[in-house]
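*Asks:* Sequence first, then the predicted structure, then my questions.
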Amino acid sequence: MCGICGSVILSEGNGSEGLLPAMVGKLGHRGPDDSRWSHLGDAHFGATRLEIRCGKGGRQPLVDVDRKLIAVCNGEIDNHKDLRTWLVKRGHSFVDESDVAILPALYRELGTEMFERLEGPFALVLWDAVNRQLILARDRAGERPLFFLQCGGRTVFASELASLVAGLDEPQVLDSESMLSYIARGWFLPPGCPYQGIEKVAPGSFIALGKGKVLKRRYWRWHFAPHGERKSDQNEFDRILRQAVRRQTDNDRDFGIFLSGGLDSSLIAAVARDLFPARTIRSYTLRFDEASFDEGDAAREVADRLSLVQEEVWVRPQQMVRILAELVRTTGEPLADPAWVPVALLARRAAEDVGVVLAGEGGDEVFGGYPTYLGLGFARAYSRLPGALRKLVANIVNRLPVSDRKVTVSYLAKRFIDGWDADPIVRHSNWTSAVPVPVLNRLGIHFPPPLHETMKNAHLLDIIQVLDFESSMAEGLLTKIDRAAMRYSLETRAPFLDRAVLDFASSLSPHERVHGLTTKSFLKDFSLGYLPRSIVHRRKRGLSVPLGAWLRGPLRDWAREGLSGDEMTMIGLDKKKTAGLLDEHLQHRRDHSRPIWLLLTLAEWVRWHMESSDAHRVGGGNRLEAGPVSDRRSGAASGEVASECES
């Protein structure tokens with residue numbers, strides 16, 4: 001695990017070696033154990049390292065002077081041992097025993113087809129100096145981030161926006177279209193980004209730049225197989241899931257578990273305990289004073305049953321403002337999910353004990369766990385009601401009082417009524433959006449259509465799950481846990497996103513995912529082999545934050561300042577309208593906590609953007625002199641010096 005960055009001159013352009021130390025410095029939180037930068041001709045790469053699989057070697061960038069390749073990788077290659085064995089049989093030899101050491105050799109054998117062979121979370125950049133081609137790739141699910149910008153004949157890339165911006169000489173221009181899309185969704189859909197010209201590599205994709213051409217290709221996409229009559233084998237899945245957990249804990253650091261007491265994290269914990277019966281395993285749980293939001297009792301039940309060492313982290317409203325500002329300034333991007341701050345607090349505590357945590361991310365998207373999947377059937381039934389009765393129901397629902405409790409019936413009913421008669425895919429996107437459509441309309445924003453490819457003869461549930469997997473999970477949930485955990489140098493792994501688990505889940509029929517009023521039908525039946533029924537069928541809660549009450553209380557003044565400030569005008573919004581949302585919220589007329597929080601995170605990001613832009617103007621960019629050359633590899637070809645610097 002690490003942070004990566006760099007710059008390559010693809011055509012005529014200015015050099016960039018002086019900017020690399022600043023870029024590497026911005027990624028120190030992603031890799032506190034080592035940092036260094038190297039160059040091979042026109043390519044200048046940097047990396048910071050968090051030692052997870054130590055082995056012998058593992059230092060990056062990886063430079064193959066003889067074949068004129070340089071590469072950096074953020075992530076873990078879970079099947080590196082099998083790939084190493086295959087490469088040795090084909091005549092390659094390795095001194096470096098780390099998982100990433102195989103990458104240059106694998107590229108020489110397979111070219112860009114190598115990505116289909118890699119398993120695990122990764123963001124990878126490779127410069128092929130012979131063919132003058134820069135290749136950027138991201139793992140299947142999108143667990144690791146990667147941004148890039150083409151400007152003035154060179155390409156700059158980094159794991160995080162704050163690092164990338166540090167490698168540029170000029171202030172960046174906001175992308176208003178992407179900003180409006182962000183307000184609707186709560187995250188940026190690739191290639192969208194807050195800045196014009198900067199792109200995010202999409203999950204399961206690679207981009208090849210060189211010789212005046214840009215090739216963008218998707219090498220993998222999750223999809224459901226045609227549904228037959230075969231009933232899925234629980235024993236087969238047990239083998240697959242156990243192997244995924246074992247593979248993701250095969251490292252040199254102690255691991256822990258983010259435990260909510262819900263099905264997904266509890267199952268991962270149960271499998272881990274069964275695999276390691278004598279090992280001390282720590283679990284980490286968030287606590288809230290507000291009872292309906294608190295996960296403590298449920299998590300404690302699971303921890304006691306599995307003999308886990310339970311650690312609890314209490315979240316208080318005063319922490320939200322300070323940690324949000326810290327996260328935005330560290331990463332350089334906004335994220336609308338209020339749980340970003342609590343997850344960061346949880347990661348900070350876990351990092352005191354372990355280097356890796358397992359999490360249940362992906363369980364809902366892959367196995368069909370969201371209540372909105374039940375909504376597909378509810379909408380069909382609702383549409384059959386007489387128009388007069390539907391109007392009566394809508395009037396009753398809209399008069400339900402606002403509640404500050406967690407995901408109440410009134411909240412769900414109001415989201416259901418909003419746009420229930422739209423196209424099913426648009427309706428689902430409306431239900432899961434960060435800002436309800438009526439609020440978007442008030443702000444003068446049209447909800448962007450969901451981006452999905454036509455899936456011929458596919459069941460509607462298949463389409464919705466793939467849409468969630470590729471959008472809100474990849475760019476929302478996985479962004480949240482990556483940025484939150486890596487702020488405190490903690491690696492997160494998600495066994496439900498293991499490739500074999502994904503392949504198995506894709507064979508499940510719709511009724512094995514959602515059956516009647518039961519979500520995650522197959523996974524719940526399977527989990528009874530590890531957990532009691534009381535835990536398996538516990539009502540789904542999800543991680544939420546009591547923002548409704550906090551915005552009416554301790555966060556009120558901060559919210560009013562943010563919604564009434566010039567930051568709203570800078571992103572094209574009427575600050576009278578944004579401030580009006582808070583007034584309605586304070587008066588209990590509507591629960592606007594999610595839209596308000598989104599706008600406040602955006603205001604915080606705009607403030608960081610202005611600070612960064614001022615630094616460029618005053619300081620003439622973030623240019624620093626390169627550090628001292630600590631080593632020069634012997635055997636460098638004439639005119640191709642591979643130098644390395646350490647900080």
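*Replies:* In hand now; what should we look at?
*Asks:* Run through the residues that contact residue 259.
*Replies:* Residues counted as contacts of residue 259 (CB atoms under 8 Å, 6 or more residues apart in numbering) are 265-266, 269, 283-285, 299, 302-303, 308, 310. C-beta coordinates here come from the backbone N, C-alpha and C atoms, glycine included.
*Asks:* 7 Å instead?
*Replies:* 265, 269, 283-285, 299, 302-303 (CB atoms under 7 Å, 6 or more residues apart in numbering).
*Asks:* from these, which two are the most distant?
*Replies:* 284 and 302 (12.3 Å; CB to CB).
*Asks:* quick revisit: tell me which entries of the contacts of residue 259 lie within helices.
*Replies:* 265, 269, 299, 302-303 (DSSP state H).
*Asks:* got the residue ranges for the helices in the stretch 51-200 of the chain?
*Replies:* Counting by DSSP state H, counting those that start in this stretch, the stretch 51-200 of the chain has helices at residues 80-89, 103-110, 161-166, 176-185.
*Asks:* Quick check: the residue of the chain most remote from its centre vs residue 256, distance?
*Replies:* For the chain, the C-alpha farthest from the mean C-alpha position belongs to residue 388; by CA atoms, centre = their mean, that distance is 43.7 Å. Distance check for residue 388 against residue 256: by CB to CB, to the nearest Å, it reads 56 Å.
*Asks:* the helices in the stretch 401-550 of the chain, which residues?
*Replies:* Under DSSP H, counting those that start in this stretch, the stretch 401-550 of the chain gives helices at 409-417, 424-432, 437-443, 460-468, 478-486, 499-505, 510-513, 521-527, 533-536, 547-552.
*Asks:* Let me know which of the ones you listed is the nearest to residue 338.
*Replies:* Evaluated with CB to CB, the helices of the stretch 401-550 of the chain place helix 547-552 nearest to residue 338, the distance being 5.4 Å.
*Asks:* which strands and helices sit next to whichever helix or strand comes after the closest one?
*Replies:* Once the chain leaves helix 547-552, the next helix or strand it forms, by DSSP states H and E, is helix 556-563. Where contact means 3 or more CB pairs under 7 Å, 6 or more residues apart in numbering; DSSP states H and E, helix 556-563 is packed against helix 575-586, helix 593-619.
*Asks:* Excluding residues flanking it in the chain, which one is nearest residue 350?
*Replies:* Leaving aside its sequence neighbours, residue 350 sits nearest to residue 284 (CB to CB, 6 or more residues apart in numbering; 4.7 Å).
*Asks:* Tell me the pLDDT of that neighbour.
*Replies:* Here, the pLDDT recorded for residue 284 equals 98.
*Asks:* which residues does residue 515 contact?
*Replies:* By CB under 7 Å, 6+ apart, the contact list for residue 515 reads residue 521.
*Asks:* So what pairs up with it in the strands?
*Replies:* residue 518 (DSSP bridges).
*Asks:* Could you report the pLDDT at it?
*Replies:* On the pLDDT scale, residue 515 is placed at 91.
*Asks:* Please tell me how far it sits from residue 84.
*Replies:* For residue 515, the distance to residue 84 equals 43 Å [CB to CB].
*Asks:* Residue 484 versus residue 343, what's the distance?
*Replies:* 4 Å.
*Asks:* same deal with residue 237?
*Replies:* Taking CB to CB, one finds residue 237 at 29 Å from residue 484.
*Asks:* Pick out whichever of the two has more residues nearby.
*Replies:* The neighbour count for residue 237 versus residue 484, taken as other CB atoms under 10 Å, is higher for residue 484 (26 against 19).
*Asks:* I figured the more buried one hits residue 340, correct?
*Replies:* Yes: contact criterion CB atoms under 7 Å: residue 484 and residue 340 qualify, at 5.8 Å.
*Asks:* hey, what's in contact with both of those two?
*Replies:* Joint contacts of residue 484 and residue 340 (CB under 7 Å, 6+ apart) do not exist.
*Asks:* where in this structure is pLDDT low?
*Replies:* By pLDDT under 70, the low-scoring segments of the chain are 1, 12-18, 54-56, 228-230, 403-411, 419-420, 449-457, 615-647.
*Asks:* Could you rerun that using 50?
*Replies:* Low-confidence segments of the chain (pLDDT under 50): 619-647.
*Asks:* just to revisit the earlier point, contacts for the helix or strand where the residue farthest from the centre of the chain lies next, please.
*Replies:* In this structure, residue 388 sits in helix 387-398 according to DSSP H and E. Helix 387-398 has contacts (CB under 7 Å, 6+ apart) with 382, 413-414, 417.
*Asks:* most neighbours, which of the residues you listed?
*Replies:* Busiest of these [other CB under 10 Å] is residue 414, holding 19 neighbours.
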